[in-house]
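Novice: The following comprises the amino acid sequence and a computationally predicted model.
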There are 2 protein chains.
Amino acid sequence: MGVAERKERHKEDLKKDILTAAKQLFTEKGFEATSIRAIAEKIEYSPATIYLYYKDKNEIVHALHQDGFNLLMQHFSTIDFGQSAFSRLIALGKAYMQFAFEHPDVYTLIFSMKEPMQHVTDCEKEWHEGDRAFSLLYRTVEECKKEGYFKDLESVGLSFMIWSSMHGLCTLRTSGHLEHMATSCAEVTDLNMDVNTLLDHNFGTFIALLEKLKN
Amino acid sequence: MGVAERKERHKEDLKKDILTAAKQLFTEKGFEATSIRAIAEKIEYSPATIYLYYKDKNEIVHALHQDGFNLLMQHFSTIDFGQSAFSRLIALGKAYMQFAFEHPDVYTLIFSMKEPMQHVTDCEKEWHEGDRAFSLLYRTVEECKKEGYFKDLESVGLSFMIWSSMHGLCTLRTSGHLEHMATSCAEVTDLNMDVNTLLDHNFGTFIALLEKLKN
DNA sequence: AATTATTCTGAACAGTGTTTAGTATCTCCC
DNA sequence: GGGAGATACTAAACACTGTTCAGAATAATT
């Protein structure tokens, strides 16, 4: 039965090759430019072959979705767990934003597009990667409470608001809204700065805001 | 010269008809299903005719972008300006979220898609609608400070963080992430609720959070 | 070597945004 | 009223997209 095993291995290899090609095209040319035909050309197979390994494009996107989430968790793993819970919370936010900054397309894929999440609910699949990431945030918030922060504030709601504010900041950036505001808010307010300065400035306010919630 | 005027009027009418048809299809069938051919069919003209009135699809999207923003401002106009600045801030957040809830496609168009904003920067156009909306938030935050809120917090940064958290909440909802978390966060935490309850709960935490920032 | 099973592909379908060459209509001037 | 010219419109094509399916090429089994 050595033959069957070899074939099985080859099939799995090809399946991975498709994903690797998709990921490469995706990060190189962006999501819009990543077509089935382009993936097929990269692995030197016909477009129809891809459909023998993946049901449709959504299944490929979903696989990339999981990959992207592992990359995010990798960013989180660099955080020093020796420091205080509050410092860890700030570091978590920073790592999150840096991830969004370094991999804007991956970020959009895993947090803004509705197709991958639709695929999860459609196939009644679990999504442990996402749960784990939120759980990390939630537990950090809980530990912050032990340090005297966020008294009288409910942890789940607060965790979501922290996530939302970071997510909102990241998406406003990638959509170009923040860039517009950076140039035009000089008229509205009296500050004039570029996008990244504005982003840093806002994150600074975020920290200051959380710090004020001690006791 | 009555003829030339009549023709000019007719041209402008047709231009508006295209937009009306686009808006209708857009709200009825969503953005994905709104093709140039579908718009053409609705106004009973050939697809090529549309290109005599709009440079490309982005120009149509940009026009809808402006329309959508006026709709948002309309939602804001229902707010009672007699109440305190802090109450107005909360009402602003509520109106913003309700807008996103009632018109999810319009919300995605004006706040999540990057094409319309790209078009603004490409054509070096102004975007007064957006500036006005942010300015409204900014001024409300400033007035809240006079009422004793947000001491030692910088207004621009805080305005952006408030916007971000609301925007983040809205996009996490439309993308389906919140829906997933609502069902799976029972395992992570100990709460079990549906999407809308979770959304309300989070907004409640948001208010509680802001209230704690008095003095 | 012939049969069967597996793997792959060319071609097509129905859709997308967009361009161009050509037609039909309508206005103007003689 | 009839011919010239401007204007408005469209059929058809181009280059794409995701996806399907009949059939060809290859590999394994008898």
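Specialist: Okay, I see it. In this text the structure is predicted, and so the values were computed from the model without any measurement.
Novice: Is chain B within reach of stretch A:37-56?
Specialist: No: Stretch A:37-56 lies apart from chain B when judged by C-beta under 8 Å from any C-beta of the partner chain; the minimum separation is 15.5 Å. Every C-beta, even on glycine, is put in place using the N, C-alpha and C of the backbone.
Novice: what's the following helix or strand after the lowest-mean-pLDDT helix or strand in chain A?
Specialist: When the helices and strands of chain A are scored by mean pLDDT, DSSP states H and E, helix A:177-188 comes last with a mean of 81. Where DSSP states H and E defines the elements, the next helix or strand beyond helix A:177-188 is helix A:195-211.
Novice: Please tell me how far that next one is from the chain's geometric centre.
Specialist: 20 Å (C-alpha atoms, centre = their mean, to the nearest Å).
Novice: and the angle from it to helix B:195-211?
Specialist: Angular relation of helix A:195-211 and helix B:195-211 on a 0 to 180 degree scale: 80 degrees, by axes from the mean of the first three to the mean of the last three C-alpha atoms, to 10 degrees.
Novice: same question for helix A:195-211, mean pLDDT?
Specialist: The pLDDT scores in helix A:195-211 average 96.
Novice: Just after the helix ranked longest in chain A, pick out the following helix or strand.
Specialist: Criterion DSSP state H: the longest helix present in chain A is helix A:2-29. Next in sequence after helix A:2-29, counting helices and strands by DSSP H and E, comes helix A:36-42.
Novice: Just the CA coordinates for that following helix, please, in PDB.
Specialist: What follows is helix A:36-42, C-alpha atoms only, in PDB (Å, rounded to 0.1, in the frame of the first residue of the first chain):
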ATOM      1  CA  ILE A  36      -8.200  31.400  -9.200                       C
ATOM      2  CA  ARG A  37      -6.600  31.700 -12.600                       C
ATOM      3  CA  ALA A  38      -3.700  33.600 -11.200                       C
ATOM      4  CA  ILE A  39      -3.200  30.900  -8.500                       C
ATOM      5  CA  ALA A  40      -3.500  28.200 -11.100                       C
ATOM      6  CA  GLU A  41      -0.800  29.800 -13.300                       C
ATOM      7  CA  LYS A  42       1.600  30.100 -10.300                       C
END
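Novice: Going by neighbour count, which residues in it are buried?
Specialist: A:36, A:39-40, A:42 (16 or more other C-beta atoms under 10 Å in any protein chain shown).
Novice: Near DNA strand C, which residues of chain A are found?
Specialist: Within chain A, the positions lying close to DNA strand C (C-beta under 7 Å from any atom of the strand) are A:7, A:11, A:14, A:44-49, A:52.
Novice: still on that earlier bit, got the buried residues of helix A:36-42 as JSON lines, with pLDDT columns?
Specialist: Below are the buried residues of helix A:36-42 laid out as JSON lines (pLDDT from 0 to 100):
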{"residue": "A:Ile36", "pLDDT": "98"}
{"residue": "A:Ile39", "pLDDT": "98"}
{"residue": "A:Ala40", "pLDDT": "97"}
{"residue": "A:Lys42", "pLDDT": "96"}
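Novice: A:Tyr54: which element?
Specialist: Going by DSSP H and E, A:Tyr54 is not in any helix or strand.
Novice: ok, now which ones touch it?
Specialist: A:15, A:18, A:60, A:63 (C-beta atoms under 8 Å, 6 or more residues apart in numbering or on different chains).
Novice: if you set the cut-off to 10 Å instead, what comes out?
Specialist: A:15, A:18-19, A:22, A:36, A:39, A:60-63 (C-beta atoms under 10 Å, 6 or more residues apart in numbering or on different chains).
Novice: Distance of A:Phe183 relative to DNA strand D?
Specialist: Just so we're on the same page, residue A:183 is Thr rather than Phe. Separation of A:Thr183 from DNA strand D (C-beta to the nearest atom of the strand, to the nearest Å) stands at 34 Å.
Novice: Excluding chain neighbours, what is closest to the spatially most central residue of chain A?
Specialist: Chain A has A:Tyr107 as the residue nearest its centroid, 3.9 Å off, counting by C-alpha atoms, centre = their mean. Nearest residue to A:Tyr107, sequence neighbours excluded (C-beta to C-beta, 6 or more residues apart in numbering or on different chains): A:Ala100, at 4.2 Å.
Novice: Same check on A:Ile110?
Specialist: Per C-beta to C-beta, 6+ apart, closest to A:Ile110 is A:Gly68, 4.4 Å.
Novice: Helix or strand: which one has the one you found?
Specialist: helix A:57-77.
Novice: Which helix or strand lies directly C-terminal to that helix?
Specialist: helix A:85-102.
Novice: CA atoms of that next one as CSV?
Specialist: C-alpha atoms of helix A:85-102 as CSV (Å, rounded to 0.1, in the frame of the first residue of the first chain):
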residue,chain,number,x,y,z
ALA,A,85,-1.4,43.2,33.5
PHE,A,86,-2.0,46.8,32.6
SER,A,87,1.3,47.0,30.7
ARG,A,88,0.4,43.8,29.0
LEU,A,89,-2.9,45.3,27.9
ILE,A,90,-1.2,48.2,26.3
ALA,A,91,1.4,45.9,24.7
LEU,A,92,-1.5,43.8,23.4
GLY,A,93,-3.0,46.9,21.8
LYS,A,94,0.3,47.9,20.3
ALA,A,95,1.0,44.5,18.9
TYR,A,96,-2.6,44.4,17.4
MET,A,97,-2.0,47.7,15.7
GLN,A,98,1.4,46.8,14.5
PHE,A,99,0.0,43.6,13.0
ALA,A,100,-2.6,45.6,11.1
PHE,A,101,0.0,48.0,9.9
GLU,A,102,2.5,45.4,8.7
